[in-house]
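[1] Requesting a structural model of the entry that follows:
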Amino acid sequence: MRTRLLSLRTPVAILTAALLALAPPAHADALQDIGKLMKQGQYAQALERAERYLSSNPKDPQGRFLKGLILTELNRQPEAIVVFTKLTEDFPESPEPYNNLAVIYAQQKQYDKARQALEMAIRTHPSYATAHENLGDIYAHMASQAYDKALSIDSSNASAQTKLAMIRDMMTGAGYAPTSGDKRPAAKPTVPPVAVAPTPTPAAPPPPVSVAPPAAKPTPPVTTPPERQLAAGEEDDVRRAVENWAAAWAGKDMGNYLSSYAKDFELPRGQSRSSWEAERHARIAKRSGTIQVEVENLSVTMEGPDRATARFRQYYRAASLKNTTSKILTMVKRNGAWQIKQERVGK
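    Residues are numbered from 1 along each chain as shown. So this is what the prediction gives:
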């Protein structure tokens with residue numbers, strides 16, 4: 001399993017051979033149970049299980065590493081920083097704790113600290129590709145901040161505008177700077193129905209001859225409320241709208257792509273609609289080679305009859321750019337069609 005915070009990535013539950021060798025085989029089952037809970041998104045239960053495991057194995061590096069990952073997923077960054085920092089002190093030859101520290105620092109926009117942590121990861125393990133890729137993302141964020149500063153001093157600096165747009169396009173795959181997004185709720189485990197044994201029917205005594213038994217009233221069938229049926233249908237429509245938007249983007253179908261956005265779509269960086277459309281046309285229709293846009297783990301939350309939020313993982317691939325990010329779309333229903341009102345990158 002792999003998790004990303006902002007545009008950085010960290011392999012989950014993977015340690016170097018040196019760390020793995022320190023974990024006794026007898027502990028494998030307990031660690032696998034923790035990893036399984038994490039994979040299912042049950043982070044609170046995973047943390048409880050990890051704490052119980054560490055109470056008996058307080059120095060175990062794998063258990064401590066998993067605890068740090070869980071705390072990060074629970075948005076308890078200060079505690080996660082303590083865990084990963086202690087791991088770097090106890091196991092300075094392992095790059096993973098440094099990488100995870102960098103992920104947290106980047107989430108907090110402490111890019112210089114993130115850079116230092118990644119440089120330490122690379123120093124301990126020069127062939128650790130994840131740290132190299134993440135360091136490139138950190139430099140991109142720092143460059144974006146520098147160009148923003150240049151434009152705040154001289155807003156007419158065309159060179160800085162062009163470079164900033166290129167960096168933001170590289171970081172998100174759609175031209176939008178990352179913003180804090182709502183964390184997708186953990187999936188709830190499905191509880192199987194409990195089978196109930198039928199109660200034995202006692203032998204009925206013969207009824208009195210003079211009294212006829214009353215006719216049994218039929219039990220009315222259980223039906224789904226109309227509003228729930230409507231919501232389920234609308235969710236499917238929102239899903240189709242998101243999938244059609246991604247397909248139009250990948251197919252360079254600019255007509256359907258641009259019509260996926262509402263007339264009052266919240267434009268980035270104060271652009272006009274015409275300049276934004278021209279920019280998207282240049283970055284999509286005029287891009288050489290094929291474009292691949294995939295939507296995974298799509299979830300839809302209905303917030304009213306005409307408003308919904310779609311959350312998913314977006315995989316973007318082009319000739320010179322590969323990007324994976326969490327995307328949040330605010331969808332509105334206009335003239336019977338679901339369109340994008342706001343597009344942003346989430347955690």
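[2] how deep is the residue nearest to residue 267 when sequence neighbours are not counted tucked in, by neighbour count?
    Nearest residue to residue 267 in three dimensions, chain neighbours excluded: residue 276, at 5.1 Å (C-beta to C-beta, 6 or more residues apart in numbering). No exception for glycine: its C-beta is placed from N, CA and C like everyone else's. Using other C-beta atoms under 10 Å, residue 276 has 17 other residues around it.
[3] for whichever strand or helix holds residue 276, packing partners?
    In the assignment (DSSP states H and E), residue 276 maps to helix 273-284. Helices and strands touching helix 273-284, by 3 or more C-beta pairs under 8 Å, 6 or more residues apart in numbering; DSSP states H and E, are helix 254-259.
[4] For the helix it packs on, which outside residues touch it?
    Outside helix 254-259, the residues that touch it by C-beta atoms under 8 Å, 6 or more residues apart in numbering are 244, 245, 248, 249, 277, 280, 281, 284, 285, 339.
[5] repeat that with 7 Å
    Contacts to helix 254-259, defined as C-beta atoms under 7 Å, 6 or more residues apart in numbering, come from residues 244, 245, 248, 249, 277, 281, 284, 285.
[6] Neighbour-wise, give me the winner out of those.
    Among those, the one with the most neighbours (other C-beta under 10 Å) is residue 245, at 24 neighbours.
[7] How about the backbone phi and psi for it?
    Backbone geometry at residue 245, expressed as degrees, to the nearest 10, gives phi -60, psi -50.
[8] Chain neighbours aside, what residue packs nearest to it?
    residue 260 (4.0 Å).
[9] I'd like to know how many residues surround the one you found.
    Neighbours of residue 260 using other C-beta under 10 Å come to 24.
[10] Domain parsing of this structure, as residue ranges.
    Listed domain ranges for the chain are 2-146, 226-346 (source: automatic domain parsing).
[11] on that earlier part again, isn't the residue nearest to residue 267 up against residue 265?
    No - using C-beta atoms under 7 Å, residue 276 is not in contact with residue 265; the gap is 8.3 Å.
[12] Next up, the contacts around residue 142.
    residue 111.
[13] The one 3 residues further on now?
    Under the criterion of C-beta under 7 Å, 6+ apart, residue 145 has no neighbours.
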